[in-house]
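J.: Provided below are the primary sequence and the corresponding predicted coordinates.
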Amino acid sequence: MNKWIYALGLAWIGLCLAIPSCVPVEEKVQTPFDVRLSSQAIRHAYDLQNKQDKDSLILLLKSDDPSSRYAAARAFASFRDSSALPALFPLLNDPQQQIRVMAAFAIGQIGSNTAEGMLTAAFDGRDSARLYQESNGIILEAMGKLGSQKYLRALSTISNYLPTDTLLLLGQARGIYRYALRNMVDPDGTALMVLYLSNTNIPMPVRIVAANYLHRAQGIDLSSFADELIADWNGETNLNLRMCLATALGKVNTAGAEKLLIESLKTETDYRVKCNILRALQGFDYKDVNAVYLDAAKDTNPAIAEVAAQYFVQHGKEQDGNKYRALIADCPTWQAKTRMAQASNIFLTNMLSSLKTSLLKDIQASIQQSSNPYEKAGWVKAWGSELRNFESLPKYFQADQPAVVRTEAVTSLIEACKDKHFDEYFAGEGYLIKAQIAGYLVNAIKSGDAGMIALVADAISDPATGLKGAMNDKKTELSKALAGLKLPQEMETYISVTKALKEYGLTAPVIPEEQKNVKPIDWKLIDKVTDGTRVQIITSAGEINMKLFPDRAPASVSNFLDLASKGFYNNKYFHRVVPNFVIQTGCPRGDGYGSLDFTIRSEVAKAYYDEEGYVGMASAGPHTEGTQFFITHSPTPHLDGRYTIFGQVISGMEVVHRITMGDTIKQINILY
């Protein structure tokens, strides 16, 4: 018996024996079936998925046609209805490997811990011919989405997989990573991820998952792995691994790691790695690293300068407020300038000083002079970072201001309420000032502006603001705002207001399905797409070319083709840019709170953000997608199973990396 089978048995046999529903593995019959998008069975299932016709899909799970079983299982990976579990469980032992895989993936997506036993029972530890290595791997991944701590322990102590067991290793690594995203970690799991990252014989996809675990997992102790991680950093050339290694070294938090990161910042050539180094250094003492950030804020790369300047907003010191003021002129981009102005406004505390007076005058002048709405919003944010300026912010709520300026002004008032020095600053009268701010925010709700309403509603739900109590006597305004929202285009705001009303013990009406106006799949548009079809996105920063994935996400692809062919995306801003994460566009308002009068369904079955340049649909939750999409700067596996992937950049990634907030799409051409 191979070592990996033996090790698996040791880890899981106790759990399997405890579950009476363990069943013998069925005869492994390889029945051919058609899962191509041209198949009528596949299209029928996609249409049912789009309609969320649960009963018909459950019947398909029991169909004699393997294509229908497969398609229905894939539908429930996006649909996520736990009532489908009893019909999905038998498919874990389906003769068709692909059906087993999709059933396991769907069960993981549904996320019910009642599935622990069935997944464990379905793991085929007797698969000596490795016919079901893929479904076994997906079961391991699925356990990470729904399993309890004891299953994490079992998953973390399987240590005998061979480097050639790619799918099992990948399933194990993804399972441990999914656990971490649920804030569940195990020391042996962390040690295993360090081992997988360090071992160059391990397949690269597994190492990338392991690296992202070390990058993103909270509450892990990496101090005992300092030597290994430093050695990995010194020897590793793969950028996807180096990005995550930088963050991991920050978690090591030793003098040696700090020195290495600072030295590496001088020689590193990739801006994404530099951004992560800067983020990693935030955990070290200010006196040791502030000079590094002051220098980086002057970097000609906008992303690096922005990340560096943001450090001072979050970690600045009062004694250096004048340094931040002096640095504004040397910052190469408005993003860095506005953030340094924000930091200076926060930490120059003497309102009577000439430096403070000069700073406030300059910020006001910049607000007036800015022709770029995003730059203007940045200066408004800098202005609002001085708590004493709260009374002047409501003038930016007015309808004649760009949407992004209105929402930034509201955000600044909310952030003021969250300031830890709020009560101290207002000399014991903080409750009166908060009541005054609450009055301003009620006016924002009354305006009917979807973006401002959503922000206020979210602030009420956030205990850090203290606004729930301050606005208690104004909660009827929330109900009025809810009734006035346009659906489905203001769905995100509806969801936020619903949560806020719940804080007051009020229940909002459930949105009827017909009000969601789900857009049907246009199969005629899908039929025009071939392997050679390309999308040309002409932006103000250059040209991006992408391919489409109609077989993964036909509703998203047909919607995108429809909007692009009508010129909808022309002149739309890239309204959100997060360095070394995403660029996002497609909002009619330009601030992320806009859409059109329809929604489309989430389509997230077995798709992974494991490379740079994936094109995904933005959403406010399952099945709320519409017009906005994003492009990733690097692998982002924490998005897996949550955001639809409908395309990938094939050329022009240098443009994706160059785009900053306020750049625009000039035109999109579909090249069939």
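T.: That came in fine, so what should we check first?
J.: Specify the local secondary structure of Leu360.
T.: Using DSSP: H, G, I helix; E, B strand; the rest coil, the structure places Leu360 in helix.
J.: Assign a three-state SS to Arg576, would you?
T.: Secondary structure for Arg576, judged by three-state DSSP, is strand.
J.: just Lys547 next, same as before
T.: Assignment for Lys547 (three-state DSSP): strand.
J.: With adjacent residues omitted, what lies nearest to it?
T.: Ile650 (5.4 Å; C-beta to C-beta, 6 or more residues apart in numbering). For every residue, glycine as well, the C-beta is placed using N, CA and C.
J.: show me what contacts the closest residue to Pro302 other than its chain neighbours?
T.: With sequence-adjacent residues excluded and distances taken as C-beta to C-beta, 6+ apart, Pro302 is closest to Thr333, at 4.4 Å. Thr333 is in contact with Pro302, Ala305, Glu306, Thr660, counting by C-beta atoms under 8 Å, 6 or more residues apart in numbering.
J.: Swap in 10 Å and give it another go.
T.: Counting by C-beta atoms under 10 Å, 6 or more residues apart in numbering, Thr333 touches 297, 299-306, 309, 339, 375, 378, 660-661.
J.: cool, Asn669 as well?
T.: Asn669 neighbours (C-beta under 10 Å, 6+ apart): Arg534, Val535, Gln536, Ile537, Ile538, Glu543, Asn545, Ala564, Ser565.
J.: residue boundaries of the helices in the stretch 401-550 of the chain?
T.: 403-418, 422-425, 430-446, 450-461, 467-470, 475-484, 491-503, 513-516, 523-528 (DSSP state H, counting those that start in this stretch).
J.: And for the closest residue to Glu492 other than its chain neighbours, the neighbour number?
T.: Nearest residue to Glu492, sequence neighbours excluded (C-beta to C-beta, 6+ apart): Ala620, at 3.7 Å. By other C-beta atoms under 10 Å, 19 other residues sit near Ala620.
J.: Touching, Ala620 and Met491? I think so.
T.: Yes: counting by C-beta atoms under 10 Å, Ala620 touches Met491, with 6.4 Å between them.
J.: Look up the residues that both of those two are in contact with.
T.: Contact criterion C-beta under 10 Å, 6+ apart; residues shared by Ala620 and Met491: Ser595, Gly626.
J.: that older thread, tell me the SS of the residue nearest to Lys547?
T.: Per three-state DSSP, Ile650 ends up strand.
J.: mind listing what it touches?
T.: Arg534, Val535, Ile544, Asn545, Met546, Lys547, Gly613.
J.: gap between it and Lys259?
T.: Per C-beta to C-beta, to the nearest Å, Ile650 is found 40 Å from Lys259.
J.: Equivalent analysis for Phe422, please.
T.: Phe422 sits 38 Å away from Lys259, going by C-beta to C-beta.
J.: quick one, which of these two is more surrounded?
T.: A direct count of neighbours by other C-beta under 10 Å for Phe422 and Lys259 places Phe422 higher, at 18 against 11.
J.: Now that the more buried one has come up, it's in contact with Ile414, right?
T.: No: between Phe422 and Ile414 there is no contact under C-beta under 10 Å: 11.7 Å.
J.: which neighbours do the two share?
T.: Here Phe422 and Ile414 have Ile437, Thr465 as joint contacts, going by C-beta under 10 Å, 6+ apart.
J.: And the residue lying closest to Asn571 once chain neighbours are set aside, how close does it get to Tyr440?
T.: Distances taken as C-beta to C-beta, 6+ apart place Thr664 nearest to Asn571, at 5.7 Å, with adjacent residues excluded. Noted for Thr664: a distance of 32 Å to Tyr440, by C-beta to C-beta.
J.: And Lys519, by the same measure?
T.: Taken as C-beta to C-beta, the span from Lys519 to Tyr440 is 38 Å.
J.: Of these two, which one has the most company?
T.: Using other C-beta under 10 Å as the criterion, Lys519 and Tyr440 rank with Lys519 on top: 21 against 17.
J.: CA atoms only: put stretch 426-444 into CSV for me.
T.: Presented in CSV, the C-alpha positions along stretch 426-444 are these (Å, rounded to 0.1, in the frame of the first residue of the first chain):
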residue,chain,number,x,y,z
PHE,A,426,-14.6,67.6,22.5
ALA,A,427,-13.9,68.0,26.3
GLY,A,428,-16.7,65.8,27.6
GLU,A,429,-19.3,67.0,25.2
GLY,A,430,-18.8,64.3,22.6
TYR,A,431,-22.3,63.0,23.0
LEU,A,432,-23.7,66.4,22.0
ILE,A,433,-21.4,66.5,18.9
LYS,A,434,-22.3,63.0,18.0
ALA,A,435,-26.0,64.0,18.1
GLN,A,436,-25.2,66.9,15.8
ILE,A,437,-23.4,64.6,13.4
ALA,A,438,-26.4,62.2,13.6
GLY,A,439,-28.6,65.1,12.5
TYR,A,440,-26.3,65.6,9.4
LEU,A,441,-26.4,61.9,8.6
VAL,A,442,-30.2,61.9,8.8
ASN,A,443,-30.2,64.6,6.2
ALA,A,444,-28.0,62.4,4.1
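J.: That stretch: which residues count as buried?
T.: Neighbour-count burial for stretch 426-444 flags Phe426, Gly430, Ile433, Lys434, Ile437, Ala438, Tyr440, Leu441, Val442, Ala444 (criterion: 16 or more other C-beta atoms under 10 Å).
J.: do stretch 516-529 as well
T.: Within stretch 516-529, the residues that count as buried by 16+ other C-beta under 10 Å are Lys516, Val518, Lys519, Ile521, Asp522, Trp523, Leu525, Ile526, Val529.
J.: if we look at stretch 352-371, which residues are touching it?
T.: Counting by C-beta under 10 Å, 6+ apart, 321-322, 324-326, 328-329, 334, 337-338, 341-342, 344-345, 348-351, 375-386, 388-389, 392, 396, 402, 405 sit against stretch 352-371.
J.: Please narrow the residues you listed to those residing in helices.
T.: Of these, the ones assigned to helices by DSSP state H are 321-322, 324-326, 334, 337-338, 341-342, 344-345, 375-384, 405.
J.: what's Ser67 in contact with, if anything?
T.: If a contact means C-beta under 10 Å, 6+ apart, then Ser67 has 32-36, 39-42, 44-45, 60, 96, 98-99 as its contacts.
J.: re earlier: got the phi and psi for the residue nearest to Glu492?
T.: Torsion angles at Ala620 (phi, psi; degrees, to the nearest 10) stand at phi -110, psi 20.
J.: How about the contacts made by it?
T.: Neighbour list for Ala620: Ala454, Met491, Glu492, Thr493, Tyr494, Ile495, Ser496, Gly592, Tyr593, Ser595, Gly626, Gln628 [criterion: C-beta under 10 Å, 6+ apart].
J.: try Ala255
T.: Contacts of Ala255 (C-beta under 10 Å, 6+ apart): Phe284, Asp285, Asp288.
J.: From Phe225, how far out is it?
T.: In this structure, Ala255 and Phe225 are 16 Å apart, going by C-beta to C-beta.
J.: and what of Arg100?
T.: Separation of Arg100 from Phe225 (C-beta to C-beta) stands at 36 Å.
J.: And Arg80, by the same measure?
T.: From Arg80 to Phe225 the distance is 36 Å (C-beta to C-beta).
J.: more neighbours, the two?
T.: Ranked by neighbour count (other C-beta under 10 Å), Arg80 and Phe225 place Phe225 first, with 22 against 17.
J.: Check that one and give its pLDDT.
T.: pLDDT recorded at Phe225 is 97.
J.: Hmm, Asn199 is touching Ala173, no?
T.: No: in this structure Asn199 lies outside contact range of Ala173 using C-beta under 10 Å: 11.9 Å.
J.: Mutual contacts of those two, please.
T.: In terms of C-beta under 10 Å, 6+ apart, Asn199 and Ala173 are both contacted by the residues Val206, Arg207, Ala210.
J.: ok, back up a step: neighbour count winner among Asn199 and Ala173?
T.: Neighbour tally, Asn199 and Ala173, criterion other C-beta under 10 Å: the higher count belongs to Ala173, 33 against 14.
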